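> Sequence plus predicted model, see below.
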Amino acid sequence: MYLTRTLAAALLLATTLPAQAQSTAPLAPAKAIAGVSQEEWSKRWWRWALSFEEGEGPIADPDGSQCARGQSGPVWFLAGTYGTARTIRSCRVPAGKTLFFPLINYVTLQPEDEDESCASLKRRAARLTASPAALVLEVNSKRFNGLAKHRLATQRCFHVFDDDDTLAAANGYYVALGPLKPGRYTLNFGGILTEMSQAVTYTLDVE
């Protein structure tokens, strides 16, 4: 059951945990990370997020103990949540990584036994992520604005799972931060769409 928008907004605007490190601004959405576009990283984020068994992995993680699972390379993914209640997590991240995570996002998959076109999948994903009522990003208590420009839509449909040919399209609002220097970072992020919302706080010890 989804919360009302008023209550969800209150969750998003809740006071963050204390922070003890420098702030860092999000990268421009057009800036590549390790030679790869952020649109491509959004596809890789979905492959990572959906690579775990249902009810397991970083998205279902209640406290951050799962945040290192499946991580490799120059980018460190952070997970959103399945529900609307604020989720508070803590984890350690290697220095030099660039964080990549969704304020809020959605993926559409071809239904079983139905050959929905790529164009239709992209339209559905775009419709479900249109006109957010709120987008929030705070890094060590510094609030960032202009987050609607961080919307990324997959230009071509892609396969989420290695073992089947189901097509997918994704759309949403993603942020890249880094590469991170050693220190403690507290991130407060989330968003509110018509049919979904999320609010997440991470305390990251980068070392």
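Yes, it's here. Residues are numbered from 1 along each chain as shown.
> Got the confidence number for the most centrally placed residue in the chain?
What sits nearest the mean C-alpha location of the chain, by C-alpha atoms, centre = their mean, is residue 102, with 2.0 Å. Looking at residue 102, its pLDDT stands at 98.
> Kindly report the same for the one 4 residues further on.
Residue 106 is assigned 96 on the pLDDT scale.
> element containing it?
Element membership for residue 106 (DSSP states H and E) is strand 98-109.
> and that strand, which strands flank it?
strand 75-77 (parallel), strand 167-177 (antiparallel) (DSSP bridges).
> To residue 108, which of these lies closest?
strand 167-177 (5.2 Å; C-beta to C-beta). Heads up, the C-betas are built off the backbone N, CA and C, glycines and all.
> in the chain, which spans are helices?
5-12, 38-49, 118-128 (DSSP state H).
> and residue 91, which of those is closest to it?
helix 38-49 (14.9 Å).
> what sits up against that closest one?
With contact meaning C-beta atoms under 8 Å, 6 or more residues apart in numbering, helix 38-49 is reached by 27, 29-33, 57-59, 70, 75, 77, 79, 100-102, 105, 107, 152-155, 158, 160-161, 168, 170, 172, 174, 176.
> quick one: it to strand 167-177, angle?
For helix 38-49 against strand 167-177, the angle by axes from the mean of the first three to the mean of the last three C-alpha atoms, to 10 degrees is 110 degrees.
> Just the buried residues of helix 38-49, please?
Within helix 38-49, the residues scored as buried using 16 or more other C-beta atoms under 10 Å are 38-43, 45-49.
> in the protein, which segments are predicted with low confidence?
By pLDDT under 70, the weakly predicted segments of the chain are 1-23.
> one more time with 80
Residue ranges of the chain with pLDDT under 80: 1-23, 83-84, 113.
> hang on, the earlier thing: and the contacts of helix 38-49, which of them are buried?
Applying 16+ other C-beta under 10 Å to the contacts of helix 38-49 flags 27, 29, 33, 57-59, 75, 77, 79, 100-102, 105, 107, 152, 154, 158, 160, 168, 170, 172, 174, 176 as buried.
> hang on, the earlier thing: which of the helices of the chain sits closest to residue 199?
Taking C-beta to C-beta, helix 5-12 is the member of these nearest to residue 199, at 4.2 Å.
> The closest residue to residue 116 other than its chain neighbours: neighbour count?
In this structure, residue 116 finds its nearest non-sequential neighbour in residue 110, 4.9 Å apart by C-beta to C-beta, 6 or more residues apart in numbering. Counted by other C-beta atoms under 10 Å, the residues lying close to residue 110 total 19.
> my read: residue 110 touches residue 167, true?
Yes. Contact criterion C-beta atoms under 8 Å: residue 110 and residue 167 qualify, at 5.0 Å.
> hey, what's in contact with both of those two?
Residues touching both residue 110 and residue 167 (C-beta under 8 Å, 6+ apart) are 116, 121.
> in the sheet, who's paired with the residue nearest to residue 129 when sequence neighbours are not counted?
Leaving aside its sequence neighbours, residue 129 sits nearest to residue 171 (C-beta to C-beta, 6+ apart; 4.4 Å). Residue 171 has these beta-bridge partners by DSSP bridges: residue 106, residue 153.
> Residue 171: neighbouring residues, count only.
23.
> go on, the one 10 residues further on?
Other residues within reach of residue 181 by the criterion other C-beta under 10 Å amount to 12.
> Good, we can wrap up now.
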